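> Coordinates for the following, if possible.
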Amino acid sequence: MESVVFIFSLIDCCALIFLSVYFIITLSDLECDYINARSCCSKLNKWVVPEVIGHAVVTVLMLISLHWFIFLLNLPVATWNIYRYIMVPSGNMGVFDPTEIHNRGQLKSHMKEAMIKLGFHLLCFFMYLYRLEW
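Residues are numbered from 1 along each chain as shown. Modelled structure (predicted):
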């Protein structure tokens, strides 16, 4: 049972790494003016809910399988993803809003968040791989 948990977690983590890289590439395209803000935000908002679900599933899976350290490691990131999704102001297009992405340094903060998530998911990937081999 434990190997199934970590195999699923590895597959999910690979998908989350892919999403983090996709977010970084799309945000850097916006930063360099290769795409406009509306198309960038619509592309990114399409993937916010799958990211939240993917991370929440792994977090709950670690809770159910009683891997407390990994659960406690994933909990703050999952909570942040859910909080960010729930706290979208009314009238905005989503987490990424084309009218506000260039204001108040939001583009830089979104880029920084995507980089931190990429590092976190890479750490989790190698941790799950180690636990699978163990």
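
> in which helix or strand would I find the residue nearest the centre of the chain?
Centroid check for the chain by C-alpha atoms, centre = their mean gives E51 as the closest residue, at 5.0 Å. Using DSSP states H and E, E51 falls within helix 48-64.

> After that helix, heading C-terminal, what element do we hit next?
helix 68-86.

> List the buried residues for the helix or strand following that following helix?
Later in the chain than helix 68-86, the nearest helix or strand by DSSP H and E is helix 106-133. For helix 106-133, the neighbour count (16 or more other C-beta atoms under 10 Å) marks 107, 110-111, 113-114, 117-118, 120-121, 124-125, 127-128, 131 as buried. No exception for glycine: its C-beta is placed from N, CA and C like everyone else's.

> Let me know how buried the nearest residue to the residue nearest to the centre of the chain once chain neighbours are set aside is, in neighbour terms.
Of all residues beyond its chain neighbours, the one nearest E51 is L19 (5.3 Å), with distances taken as C-beta to C-beta, 6 or more residues apart in numbering. When neighbours are counted by other C-beta atoms under 10 Å, L19 registers 21.

> contacting residues for L19?
Each residue near L19 by C-beta atoms under 8 Å, 6 or more residues apart in numbering is listed here: W47, P50, E51, G54.

> Selecting buried members of the residues you listed in PyMOL, what would you type?
To isolate the buried ones among the contacts of L19 in PyMOL, judged by 16+ other C-beta under 10 Å, type:
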select buried, resi 47+51+54
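
> quick one: which of the contacts of L19 is nearest to N92?
Nearest to N92 among those, counting by C-beta to C-beta, is W47 at 16.4 Å.

> next one: phi and psi at that closest one?
phi -110, psi 0 (degrees, to the nearest 10).

> Just want to check the distance between it and R104.
23 Å (C-beta to C-beta, to the nearest Å).

> Skipping its backbone neighbours, what lies nearest P98 in space?
A37 (3.8 Å).

> Any idea how many residues pack against the one you found?
With other C-beta under 10 Å as criterion, A37 counts 18.

> Show the contacting residues for it.
L30, P98, T99, I101, H102.

> N81 too?
E51, V52, H55, A56.

> which one among the residues you listed gets closest to I25?
Nearest to I25 among the contacts of N81 is E51, at 15.0 Å by C-beta to C-beta.
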